[in-house]
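J.: Need a 3D model of the following:
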Amino acid sequence: MKLMGNLKEEIYKKAGVLCKVERLEGPKVLIISPHPDDDVLGCGGTICKHIRQGHDITVVYLCNGEKGIKGNKDEKEVARIRKNEAKEAARIMGIRNLVFLEQKDYRIKATKDVVERMKKIMVDLKPNIIYIPWFFDSHRDHKEANRIFAKACTIKTKVCAYEVWTALMPSRIVDITDVWKKKAEAIRKHKSQLNELNYEKAILSLNCYRALTYCGEKMEYAEAFICANAKEYIGLVNKFL
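T.: Model (predicted):
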């Protein structure tokens, strides 16, 4: 309990009070997605809103999710399936720039090589905002993605951390009521994953909960984030991971 209290205090100290954002930062946006579906699950609606604002989106997938289909031990085939699903989902949302770093599923590591590759992407792209799963999201690859980011980031930018497996303590709410159907359509492109769990129902229920608990009946669906400048966010990563 003390840890969670300290975490909440630190988040609000570094990320500020909760706010609803109407106009998203741009024009260059980087999405860090450990697996081929985390981007659409965690911030697919926000991505769609960035696209509507004419922003340039780049998604970096750290791995191909080759262990993500139960019963299929052909990792090359699973990787091919999941990469194609990611491409189809990205097409629905309107994303053109996809980068696959080909790390090992469930074994993503902040090695010198992957840190340097991520650093180069950020330096070359110079994004105004970066999206990443939050550092306490309960998947080892999501935590490791934060370690990679913390070591690789040398630029001044905004960071917005999204939730997939574990609910976060938000400092930003984005209304996705007008784009949730597109998000749902993109989620459904990840057919192999929906055969495992009903991610569409789970995530859209979370988005509905976020809207109702923070904004009442004025909106139907929302995505929640911890947002801070890169230096402050890296401070949270280094303190709590």
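J.: for Cys19, phi and psi?
T.: phi -140, psi 150 (degrees, to the nearest 10).
J.: My error: substitute Lys20 in the last question.
T.: Per degrees, to the nearest 10, the backbone of Lys20 is at phi -100, psi 130.
J.: Now do the same contact list for it.
T.: 172-175, 214-215 (C-beta atoms under 8 Å, 6 or more residues apart in numbering). Yep, even glycine has a C-beta here, placed from its N, CA and C like the rest.
J.: mind putting those residues in a markdown table, secondary structure and neighbour count included?
T.: Listed next are the contacts of Lys20 as a markdown table, based on DSSP: H, G, I helix; E, B strand; the rest coil; neighbours: other C-beta atoms under 10 Å:
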| residue | secondary structure | neighbour count |
| --- | --- | --- |
| Arg172 | strand | 22 |
| Ile173 | strand | 20 |
| Val174 | strand | 26 |
| Asp175 | strand | 23 |
| Tyr214 | helix | 16 |
| Cys215 | helix | 15 |
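J.: Return the member of those nearest to Lys191.
T.: Lys191 has its nearest neighbour among the contacts of Lys20 in Val174, at 26.5 Å by C-beta to C-beta.
J.: Tell me the bridge partners for the closest one.
T.: Beta-bridge pairing of Val174 under DSSP bridges involves Glu223.
J.: As a check, name the ranges of all strands in the chain.
T.: In the chain, the strands defined using DSSP state E lie at 19-20, 28-33, 56-63, 97-103, 129-133, 158-162, 172-175, 222-229.
J.: which residues in this structure form helices?
T.: 2-15, 38-52, 75-93, 112-125, 140-152, 180-188, 191-194, 199-215, 230-240 (DSSP state H).
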